[in-house]
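Enquirer: Would you be able to build a 3D model of this:
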Amino acid sequence: MGRIILNGIKFRANIGTTNEERQRGNDITINLSYSTDTLKPGLTDDLNDAVDYSLIFQAVKKETLTPCNLIENLAHRILTRLKKEFPQISEIKLQLFKHYPQVDGELECSGIEIN
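Expert: Numbers count the residues shown, from 1 in each chain. Below is the predicted model of the structure:
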C-alpha cells in the first residue's frame with residue numbers, strides 16, 4: 001500500500017449562501033490523497049494495474065458542477081462519490097478551499113478537511 005497525492009486541483013464552482021455568490025461562482029482548490037496498492041503498478045509500470053487518477057479528477061469535477069450552498073456539502077459529495085466509484089482506494093483525505101468567500105472583510109479562503 002502507498003498513498004497517491006493530488007494537490008492543487010482547481011475548478012470554478014457555483015457555491016455560496018447567496019444567489020449572487022452562486023451565480024458568479026467561486027474558485028476552489030482541492031487537495032486529495034488516498035491509499036491504494038502501489039506495489040503492483042510500481043513493478044509492472046502498467047496503468048491497468050493502478051488507479052487512473054485522471055478518472056479521480058473527472059469524478060471530482062462532476063461533483064463541482066452541481067450548485068450548492070456550503071463547502072461541507074460539496075466535500076462530502078466528492079468523498080461519497082470517490083468511495084462508491086473507486087472501491088480499490090481507502091483512507092481518503094480531502095481538503096477543499098473556497099477562495100475569497102463573501103464576508104464583510106478580507107478572507108483569502110475558507111476550507112474544510114474530511115476523511
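Enquirer: give the contact list for residue 77.
Expert: 63, 66, 68 (Cβ atoms under 8 Å, 6 or more residues apart in numbering). For glycine as for every other residue, the C-beta is placed from the backbone atoms N, C-alpha and C.
Enquirer: now, which of those residues lie within helices?
Expert: Among the contacts of residue 77, the members found in helices (DSSP state H) are residue 63.
Enquirer: Would you format the contacts of residue 77 as CSV with distance to residue 30, pLDDT and neighbour count included?
Expert: Formatted as CSV, these follow (distance: Cβ to Cβ, whole Å; pLDDT from 0 to 100; neighbours: other Cβ atoms under 10 Å):
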residue, distance to residue 30, pLDDT, neighbour count
63, 10, 97, 21
66, 15, 95, 12
68, 14, 95, 18
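Enquirer: Give me the mean pLDDT for the lengthiest helix in the chain.
Expert: Counting residues, the longest helix found in the chain (DSSP H) is helix 71-85. If you average the pLDDT over helix 71-85, you get 98.
Enquirer: now that helix, how far from the centre of its chain.
Expert: Between the centre of helix 71-85 and the centre of its host chain there is 8 Å, according to Cα atoms, centre = their mean, to the nearest Å.
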